[in-house]
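> With the sequence up front, the predicted model follows.
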2 protein chains.
Amino acid sequence: MNDFEGTKRRRRRKRPADVKSKSSSTVHAPYIKRNIGVFDVLSDEGAAIVEDNAETILQEIGMEFRDDAEVLEIFRQAGADIKGERVRFERGMCRQVIQASAPREFTQHARNPLNTVRIGGNNTVFGPTFGPPFVHDLDGGRRYATLSDQQNFVKLAYLSPGLHHSGGVLSEPVDIPVNKRHYDIVYSHIRYSDKPFFGSMLGAERAQDSLAMAKLVFGDEFVEKNTVLYSVSNVNAPLVLDATMSGSLKTYARHNQAVAVSPFILSGAMSPCTVAGTLSQLFAEVLGGLCLVQLVRPGAPCLFGTFASAISMQSGAPTFGTPEGSKIIFGAAKLARRLGVPYHSMGALNASKLPDAQAAYEGALTMQSALLAGANYIIHAAGWLEGGLSMGYEKFVIDADRAAAMAVFAQGIDLDENQQAMDAIREVGPGGHYLGCDHTQRNFRDAFYRSQVADYNSFEQWSSDGALDQAQKANGIWKKMLREYEPPAIDPAIDEALLDFMKRRKDSMPDLHA
Amino acid sequence: MNDFEGTKRRRRRKRPADVKSKSSSTVHAPYIKRNIGVFDVLSDEGAAIVEDNAETILQEIGMEFRDDAEVLEIFRQAGADIKGERVRFERGMCRQVIQASAPREFTQHARNPLNTVRIGGNNTVFGPTFGPPFVHDLDGGRRYATLSDQQNFVKLAYLSPGLHHSGGVLSEPVDIPVNKRHYDIVYSHIRYSDKPFFGSMLGAERAQDSLAMAKLVFGDEFVEKNTVLYSVSNVNAPLVLDATMSGSLKTYARHNQAVAVSPFILSGAMSPCTVAGTLSQLFAEVLGGLCLVQLVRPGAPCLFGTFASAISMQSGAPTFGTPEGSKIIFGAAKLARRLGVPYHSMGALNASKLPDAQAAYEGALTMQSALLAGANYIIHAAGWLEGGLSMGYEKFVIDADRAAAMAVFAQGIDLDENQQAMDAIREVGPGGHYLGCDHTQRNFRDAFYRSQVADYNSFEQWSSDGALDQAQKANGIWKKMLREYEPPAIDPAIDEALLDFMKRRKDSMPDLHA
């Protein structure tokens, strides 16, 4: 951990080496408390138009909730119009249901209380990329992911101060049967990290399993009273929620665990090829999904989610880091604020196959948009490559470093007397320099964010160090991190109970491979 | 030009191939008219503190104007307190002088009127990197720049719809004697481009030469009545303006040409190692410089400039793309708005030696900060590498593509009926797809920004295309651009007059090499 300590922790702790011997309970910053405002791209008038269109969509067209009779019954009892699996809502109904009970902020507990996060309000939480079936590193190129990759990325996220959350499927362990992966995934977060994490989002049964494992760690009573799992329910745009998603949504909501309702949209294919049209559809989908959460359990923590990019209208390929995607992030943030629920948005998305300039430029646009839009949970903040098909080892540490830098940006401009530094300006005067002045001597240690993956050396020094590009430098960093990784302590009885639960459950079912 | 036409022009023109045969006078967009707001990181209260500190600096400490007796006399007559070369200003004096006459917006004319830019207000102009002594490309690595590189980068800027300005010293032609370079540099902008450009900023004599060459192109009378040159006057922070800079500043101001007063600051060495302290000093320096511009000629176009980053407090090396640098960009923008003059800020700065992820991540942070801060002229928007020591060919086309994407972002969210796309949402319905619907058929051509340097192909296609990273792809693009480049037409008599003027001037002086 020492080598990769970001500035934020370093500012508050003295030195990483001191952390182990002293209590760090008073100095740890587990998430970003923003001291900057939010940037609006969608005007109030524009938001009102989109909101009105979304109500029209819910009223006239409605949404389909497939293969889940219970959901239809829940909506019927709430007064919606049901025809087959199509559910139509009176204007304002979803909004009223949501605003009557959805919390504006909530706490997700970590097994290490120092890593517990507050989601909503002026807070931002960065979490790693979710879902790639492939991994990429400079040594081996691109290959299918295994459980060992999942464990590695959990460890890297644990060691990255720029990341506040352990996430979920950091890479899909394709070496494990599909119906048993979620046990190993949830276990990896508990065993190799002590940051907060995701429950499985794939259906009611796996959500129940995730809850059962969480209870072994946190205790039954604690889990029923507190939020310890985070999950995402993807609407299949346009306007469909299937039983896999509604199953996990209902399970988590019932147990007061967090659900982000996040339409999965590639604009041009799954929504209109315009920003305004995509926002209208997306908002309708979120309203329908969040309404269901609040009908299942009023007051359950939930988030307005977005995953939206566009396809290339020339080739049909998905694109990322585009100006249109950025506008959707900002527009949806405004709608979430007006609705009054926390906003779940997306991080360093890009279409590149490599951790190159394309990956970084596209990723930066998405990531900075989400931060300035005021997103409360930023998923995919580290590792994303190739439109989400691949999780990159080098990309992960580069992104995590940028996330830590953005946390410093989000602190805003401090204007206390020391920061104003008038004593220094008086001392130095015209034509002088500040390197040796008293103020600099007092402040230099904490003055600026110090990147662990950027090269600031002279060209000559950099050349004699091997002329590495950033990916090559990052290659050495993630290997060193994994080499020096030490797992957080866990009660052996809990570990044994988890392993026992997993074995019993796995033994109770055949292996499925698709 | 055809191959590199960005979306913005493509949207308005039909196809690049049509451009030559039809008049494009009604459809050309020579700069960004922003349809988004600005993001504030510095609060009103914070800005008031910084402004008050700047006045204290000007009153108590003052600025030094070195080796220029005329400047001291100008300030003396305006009522400043002069002791030696130290000039102190009563509180509010500089602000009053500036606000009494500095224009909030102005027009810089290009020799092709279609490329004339409006600077200030809601407009943003992107210009290329200024000043590197080295160039970098993937084939040859890093080497000293020559005049041929300057000409190449002028051509690339001319061919890049994301760049609105031709800039100045795109790379320092070290093969030309130092005292004669400015002739070739100014000539390169006139001959190989028809976008607006810089005059030499190095002293009164070279500014006069730049003006003389501009007059050969635009005519004496036009130049006296209109702004055709842009220049930067760097304050040597802390608080010094030397005769080279004051000489060009006075010359341009006297002739109503644009001057950006831009302190050159590496925080920690040339200003306090804090954002608030740096902003206070920077604002004092800008006030002093702009006051001089307005005293020389009330009403002369001028800009509040910043070039500020930080040194590494560990190694002393300059750093770029840091969160602190970003805060300074936003903070200075706020001060410029409150002062009421256009804001000149900086683009894709980074410390990387290569067009890699570091270059892109750092560059994106600076560039997006400048855009969202509302900067009116963004210098260094393309090509920057290695802290400004090197101009990259591949980096240039990658950056120019991102600049074009940011122009699309700055258009904001269009909410007309077609963009709302309710007809499409009604037509497609739950579970459908939008690829074939009427709305998509009508809109797909202009729907999304289309990058020329990003790869959106599948992994398999990308692999069989050679598995290029973005820099390798860009290598082919800039070569193709230069191969297919055709210079804009120029009146042969003007060209002859320019060449004759340069020859006479060059022959009149010995070669200097330092």
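Yep, that arrived.

> Excluding sequence neighbours, find me the nearest residue to the residue in the stretch 251-400 of chain A positioned nearest to chain B.
Among all residues of the stretch 251-400 of chain A, A:Gly277 sits closest to chain B, at 2.9 Å; criterion: CB to the nearest CB. C-beta: built from backbone N, CA, C; applies to glycine. The spatially closest residue to A:Gly277, leaving aside those adjacent along the chain, is B:Ala421, at 2.9 Å (CB to CB, 6 or more residues apart in numbering or on different chains).

> Using the three-state scheme, assign the residue of the stretch 251-400 of chain A closest to chain B.
Look at A:Gly277: counting by DSSP: H, G, I helix; E, B strand; the rest coil, its state is helix.

> returning to that earlier point: can you get me a residue count around the residue nearest to A:Gly277?
By the criterion of other CB atoms under 10 Å in any protein chain shown, B:Ala421 has 29 neighbours.

> same check, this time on the one 10 residues further on
As a burial measure, B:Gly431 scores 15 neighbours (other CB under 10 Å).

> and the nearest residue to it once chain neighbours are set aside, how far is that from B:Ala424?
Distances taken as CB to CB, 6+ apart place A:Val240 nearest to B:Gly431, at 4.9 Å, with adjacent residues excluded. Taking CB to CB, to the nearest Å as the measure, A:Val240 and B:Ala424 are separated by 16 Å.

> Between the two, tell me which one has more neighbours.
A direct count of neighbours by other CB under 10 Å for A:Val240 and B:Ala424 places B:Ala424 higher, at 25 against 21.

> What average pLDDT does stretch A:309-326 get?
Throughout stretch A:309-326, pLDDT has a mean value of 93.

> Now look at it and say if it contacts chain B.
Yes. With CB under 8 Å from any CB of the partner chain as the threshold, stretch A:309-326 lies in contact with chain B, specifically through A:310, A:312-319, A:321-324, A:326.

> how about those residues in CSV, adding secondary structure, neighbour count and distance to B:Tyr31?
Compiled in CSV, these are given as follows (DSSP: H, G, I helix; E, B strand; the rest coil; neighbours: other CB atoms under 10 Å in any protein chain shown; distance: CB to CB, whole Å):
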residue, secondary structure, neighbour count, distance to B:Tyr31
A:Ala310, strand, 27, 26
A:Ser312, coil, 20, 27
A:Met313, coil, 20, 26
A:Gln314, coil, 11, 27
A:Ser315, coil, 12, 31
A:Gly316, coil, 12, 33
A:Ala317, coil, 15, 31
A:Pro318, strand, 20, 31
A:Thr319, strand, 27, 26
A:Gly321, coil, 28, 24
A:Thr322, coil, 27, 22
A:Pro323, helix, 24, 17
A:Glu324, helix, 24, 21
A:Ser326, helix, 25, 20
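
> And the helices in the stretch 201-350 of chain A?
Counting by DSSP state H, counting those that start in this stretch, the segments of the stretch 201-350 of chain A that form helices are A:204-218, A:220-225, A:243-254, A:275-296, A:323-339.

> of those, which approaches B:Gln281 most closely?
Comparing the helices of the stretch 201-350 of chain A against B:Gln281 with CB to CB, the closest turns out to be helix A:323-339 (33.5 Å).

> could you give the angle of the closest one to helix A:275-296?
In terms of direction (axes from the mean of the first three to the mean of the last three CA atoms, to 10 degrees), helix A:323-339 departs from helix A:275-296 by 40 degrees.

> next one: helix A:323-339 to chain centre, how far?
Helix A:323-339 has its average C-alpha position 16 Å from the chain's average C-alpha position, going by CA atoms, centre = their mean, to the nearest Å.

> Likewise for stretch A:144-153?
So, by CA atoms, centre = their mean, the centroid of stretch A:144-153 is 18 Å from its chain's centroid.

> Now look at it and say if it contacts chain B.
No. When contact is scored as CB under 8 Å from any CB, no part of stretch A:144-153 falls within range of chain B; the minimum is 12.2 Å.

> residues making contact with that stretch?
Identification of contacts with stretch A:144-153 by CB atoms under 8 Å, 6 or more residues apart in numbering or on different chains yields A:128, A:132-135, A:169-176, A:181, A:184-185, A:188, A:192, A:383, A:391, A:393, A:396, A:482.

> switch to 6 Å and redo it
Outside of stretch A:144-153, the residues within contact range by CB atoms under 6 Å, 6 or more residues apart in numbering or on different chains are A:135, A:170-176, A:184, A:188, A:192.
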